[in-house]
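[1] Attaching a predicted model along with its sequence, questions to come.
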Amino acid sequence: MKELIRTNDPTLVAYVSMLLQGEEIACFQMDVHMSVLEGSIGVLPRRIMVADCDLFRARAVLRDNDIALEPGA
């Protein structure tokens, strides 16, 4: 699995997950339950992971929907 995006914005995580599911790209949200450790203040970012073979298509979906990728991604 490869990291597609990392963000502190829970609405962006939900939006990206919905876009990927619409394109039938399986994704997995990591660090969702870290709020137990951080006290629910939103300091630790959440990550969306995709399979290695889907990374290129997933990045294209984000670019097509004007979602900025990390530099170098």
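    On my side now, so go ahead. Numbering: from 1, shown residues only.
[2] What segments of the chain are helices?
    Secondary structure of the chain (DSSP state H): helices at 10-22, 35-38, 55-64.
[3] Which of the ones you listed comes out lowest on mean pLDDT?
    Lowest mean pLDDT of those: helix 35-38, a mean of 60.
[4] Spatially central residue for this protein, please.
    Central residue of the chain (CA atoms, centre = their mean): Ile48, 2.9 Å from the mean position.
[5] I figured that one hits Ile5, correct?
    Yes. With contact defined as CB atoms under 8 Å, Ile48 counts as touching Ile5 (5.1 Å). C-betas here are computed from N, CA, C, even on glycine.
[6] between the two, what contacts are shared?
    Common neighbours of Ile48 and Ile5 are listed as 13, 16 (criterion: CB atoms under 8 Å, 6 or more residues apart in numbering).
[7] Same list (the helices of the chain) but as TSV, adding distance to Phe28.
    Formatted as TSV, the helices of the chain follow (distance: least, CB to CB, whole Å):
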stretch	distance to Phe28
helix 10-22	9
helix 35-38	17
helix 55-64	12
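[8] what is Arg46 paired to in the beta sheet?
    For Arg46, the beta-bridge partners under DSSP bridges are Thr7.
[9] That one: neighbouring residues, count only.
    By other CB atoms under 10 Å, 20 other residues sit near Arg46.
[10] Next: Leu20.
    Counted with other CB under 10 Å, residues neighbouring Leu20 total 20.
[11] Same check on Glu24?
    Using other CB under 10 Å, Glu24 has 8 neighbouring residues.
[12] I'd like to know how far it sits from Arg57.
    Distance from Glu24 to Arg57, counting by CB to CB, to the nearest Å: 10 Å.
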